[in-house]
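*Asks:* using only what follows, build the 3D model:
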Amino acid sequence: MEFRILGPIEVCSADGEIDLDGAKQRTMLAALLLADGRVLSDAQLSELLWGENPPATVNAQIYTYVSRLRKRLGDSAEFVRRAPGYLMKYERGEFDYHRFEAKVRVGREALDDQRFAEASTNLRAALACWRGPALSDATEFLVEAHRYRLEEARLAALDARIEADLQLDRQGELVPELTGLVAAHPLREHFRAQLMIALHRTDRQADALATFHEGRRILADQLGCDPGHDLTSAYRDVLADSPVPAQRSRPVVVAPMTPFRPGPAMLPAEAPVLCGREAELAAIDRLLTADRRVSLDHGRFPVLTGMAGVGKTALAVHAARELAPQYPDGQLYADLGGALSDPVEPAIVLHGFLRALGVGEAAIPESLSERIRLYWRELAGRRLLVVLDNAETEEQVHVLLPRGTQCRAIVTARPRMAALDGGVLIEVPLLPEDRCLEMLGAIIGADRVTEEPDAATRIVRLCGGLPLAVSIMGARLARRWHWSLGRMAARLSYRHRLDELQTGILDVRGGVRKGYARLDTREQLAFRRLALLNVPDFPCWAVAVVLGVPYAAGEEVAERLVDERLIEVSGDSSWPPRFRFHELVKLAGRELASEMDIAEERRAAFGRALDAWMLLADAARDNTGYGEWGPKVVGLPSCEVAASPASWFEAERGALRALARQAATLGLGTVAGKLSRAISELEVAVGLPPGSGLCLRPVDA
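*Replies:* All right, here's what the predicted structure looks like:
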């Protein structure tokens with residue numbers, strides 16, 4: 001009698017194939033065969049037959065399937081009832097998977113002894129046991145439980161057979177086979193390395209190099225990691241046109257996982273210059289050098305938050321590299337894509353992490369929950385640091401946090417992830433002017449900054465304290481060493497400043513637009529319309545006014561813009577809140593408004609905002625509260641004006657003066673004059689000298 005599972009489940013005798021009744025009976029037989037003489041409990045058999053939804057008569061049906069197998073197979077197999085389940089006894093050589101294992105073992109021994117022809121023969125015989133995907137007509141529950149182990153065993157045997165054939169100079173016949181294997185398993189690096197060797201030996205060096213570069217791109221795009229040792233060694237051999245060693249030292253194994261490879265090093269390259277982050281680095285160090293006897297579930301980890309371009313990633317990577325000696329088992333890194341419109345799914349990130357931790361491709365489960373459990377198991381007992389960059393939500397981060405008692409994490413995100421259990425928010429602020437000058441000097445040379453101090457100061461001021469903008473300026477000036485800083489400062493002063501703030505993959509405009517793309521239609525409209533206002537800051541009701549919606553709806557939109565770091569809360573935490581734009585973000589918003597909205601729509605939005613401030617200024621001047629004008633504009637806080645006109649004017653004075661100038665610039669002289677008179681009268685009413693107070697720099701309309 002012969003039992004077969006490496007393909008459709010079959011039982012064959014000398015007289016032919018024995019008929020088995022349905023998938024459940026085949027599953028019962030295959031499950032007991034794969035148990036290899038061990039008892040499978042009724043609960044285990046139930047799960048392999050029906051999953052989480054067994055019938056009410058589960059025990060009776062299991063008994064029926066066993067009885068039918070006894071009747072079909074007769075004396076060829078013995079099914080023994082042994083609490084709490086069943087086991088199967090049979091002659092070991094009658095099972096095709098046992099024959100496969102035996103042939104692989106002989107082939108591996110021959111390969112290790114450099115008997116390549118014998119190795120190839122035995123490994124081919126082992127692979128011939130496969131008639132298709134294993135367990136192809138069993139229940140999905142049995143397939144899910146065993147397919148990774150079985151498929152990994154087949155691929156490992158195939159890998160060893162190709163290794164033997166390469167040593168026998170059979171590269172001509174291997175090229176088509178390996179091309180198909182690389183296409184089917186693009187992340188399995190050793191197949192790709194073998195294809196490169198075969199191509200090189202058939203005088204196809206260019207194709208071999210192209211195969212490497214394709215693999216490097218796929219690994220970077222899908223896993224965020226660089227090629228491993230095998231692929232890199234093959235690349236060097238091809239470049240050097242050197243012969244491949246007689247036999248690779250890498251052992252060929254038949255196991256559900258590849259051997260553990262300690263020390264994944266997935267951190268990206270560190271930014272060339274990091275200035276002004278001493279306080280943040282000290283805070284990170286305090287969190288990540290805490291007592292490691294406390295597990296992460298009860299410990300704390302840093303969550304770096306801030307606007308796009310403020311340097312969260314650079315800070316996280318620098319801190320991780322500084323702390324690397326304290327985490328000798330390696331560092332994992334993933335860009336979660338929170339700055340993009342299409343963030344990376346946790347399942348994809350876990351795939352890359354598991355590969356970096358040494359888990360074989362075929363051993364990585366398909367479902368997210370199983371990948372999470374395997375990930376946590378792999379981290380058990382290791383001292384490892386995980387960097388999760390550009391996170392989008394708390395849920396996305398939670399499943400990727402390590403659970404090892406010696407592991408820690410660093411998270412970066414634009415939103416303030418205050419609900420992330422164990423996370424400690426560390427705000428990454430804009431850099432002060434002196435540190436921006438230090439950063440610029442570190443990139444282009446301190447002597448150039450010293451020679452043109454006024455121009456250097458003008459450049460960093462126009463960068464608005466944003467490290468990304470300073471880095472771009474430094475990169476451009478370093479490349480154009482013959483340019484004066486004064487010339488670059490003049491170019492930055494032009495209307496299209498954002499055109500100057502991009503070089504290579506660095507782009508201030510692109511960072512803002514990625515956040516903008518994640519907004520819904522109404523939020524995008526609010527962002528564009530608010531950017532049209534030349535005010536130093538604005539109240540929450542202004543969001544409702546430019547949209548023409550109730551106050552509560554405007555408040556919700558404002559908070560969403562704050563979450564995406566496109567606007568920020570201005571000043572302290574007083575109520576009602578006020579908001580402001582970073583100057584470069586406002587410029588990006590105006591560009592979008594010019595692209596998306598016609599001139600009439602832009603003027604109408606500005607007109608609504610201007611009318612609202614005018615009406616409230618009149619109310620404050622006359623101290624009339626709601627009066628006759630209140631219903632004309634949605635969401636205006638007339639009660640606040642009536643309660644304290646002086647306090648309201650103190651908060652809005654800068655915005656009123658800026659709007660008066662902007663109205664004059666836009667040709668609205670009558671409105672500008674009326675607003676200016678209201679401002680002057682309010683200044684007198686509250687005891688301020690006319691024209692005193694906040695002085696705003698002129699801003700283009």
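*Asks:* now do the strands in the stretch 251-400 of the chain.
*Replies:* Counting by DSSP state E, counting those that start in this stretch, one finds strands in the stretch 251-400 of the chain at the ranges 301-305, 331-335, 385-391.
*Asks:* looking at those, spot the one closest to residue 414.
*Replies:* strand 301-305 (6.8 Å; C-beta to C-beta). C-betas here are computed from N, CA, C, even on glycine.
*Asks:* neighbours of residue 226, how many?
*Replies:* Residues contacting residue 226 under the criterion other C-beta atoms under 10 Å number 13.
*Asks:* double-check that it belongs to a strand.
*Replies:* No: counting by DSSP: H, G, I helix; E, B strand; the rest coil, residue 226 falls outside a strand, being coil.
*Asks:* circling back: of all the strands of the stretch 251-400 of the chain, which lies closest to residue 416?
*Replies:* Residue 416 sits nearest to strand 301-305 of all the strands of the stretch 251-400 of the chain, at 5.2 Å, using C-beta to C-beta.
*Asks:* restricting to C-alpha, output the closest one in PDB.
*Replies:* Below are the C-alpha coordinates for strand 301-305, written out as PDB (Å, rounded to 0.1, in the frame of the first residue of the first chain):
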ATOM      1  CA  PHE A 301       8.800  54.200  24.000                       C
ATOM      2  CA  PRO A 302       9.200  57.500  22.200                       C
ATOM      3  CA  VAL A 303       6.700  58.800  19.500                       C
ATOM      4  CA  LEU A 304       8.300  61.600  17.600                       C
ATOM      5  CA  THR A 305       5.700  64.000  16.100                       C
END
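*Asks:* mind listing residues that contact it?
*Replies:* 280, 283-284, 287-288, 312, 315-316, 319, 401, 408-417, 420, 422-428 (C-beta atoms under 8 Å, 6 or more residues apart in numbering).
*Asks:* circling back to that earlier point, what about the strands of the stretch 251-400 of the chain, which gets the closest to residue 458?
*Replies:* Closest approach to residue 458 among the strands of the stretch 251-400 of the chain (C-beta to C-beta): strand 301-305, 29.6 Å.
*Asks:* low-confidence ranges, the protein, go.
*Replies:* 92-93, 242-263, 290-299, 338-342, 404-405, 495, 571-575, 623-643, 688-701 (pLDDT under 70).
*Asks:* centroid residue for it?
*Replies:* Most central in the chain under C-alpha atoms, centre = their mean is residue 336, positioned 1.1 Å from the mean C-alpha point.
*Asks:* now do the contacts for that one.
*Replies:* Counting by C-beta under 8 Å, 6+ apart, residue 336 has contacts 343, 344, 349, 388, 389, 390, 391, 392, 396, 397, 400.
*Asks:* between those residues, which has the most around it?
*Replies:* Most surrounded of the contacts of residue 336: other C-beta under 10 Å gives residue 391, at 29 neighbours.
*Asks:* please parse this structure into its domains.
*Replies:* 1-168, 278-427, 433-510, 519-685 (automatic domain parsing).
*Asks:* and residue 216, which of the ones you listed is closest to it?
*Replies:* Using C-beta to C-beta, the nearest of the domains of the chain to residue 216 is domain 278-427, at 14.2 Å.
*Asks:* can you give me the end-to-end distance of that closest one?
*Replies:* Domain 278-427 has its terminal residues 13 Å apart, counting by C-alpha to C-alpha, to the nearest Å.
*Asks:* kindly report the same for stretch 450-466.
*Replies:* Stretch 450-466: ends 21 Å apart by C-alpha to C-alpha.
*Asks:* likewise stretch 217-236?
*Replies:* So stretch 217-236: terminal residues 17 Å apart, C-alpha to C-alpha.
*Asks:* residue 661 reaches residue 534, doesn't it?
*Replies:* Yes: with contact defined as C-beta atoms under 8 Å, residue 661 counts as touching residue 534 (7.1 Å).
*Asks:* so which of these two has more stuff around it?
*Replies:* Between residue 661 and residue 534, counting by other C-beta under 10 Å, residue 534 is the more crowded of the two (20 against 17).
*Asks:* name the SS class of the more buried one, please.
*Replies:* coil.
*Asks:* any idea how far it is from residue 581?
*Replies:* 10 Å (C-beta to C-beta, to the nearest Å).
*Asks:* again with residue 179
*Replies:* Distance from residue 179 to residue 581, by C-beta to C-beta: 54 Å.
*Asks:* tell me which of those two has more neighbours.
*Replies:* Between residue 179 and residue 581, counting by other C-beta under 10 Å, residue 581 is the more crowded of the two (24 against 16).
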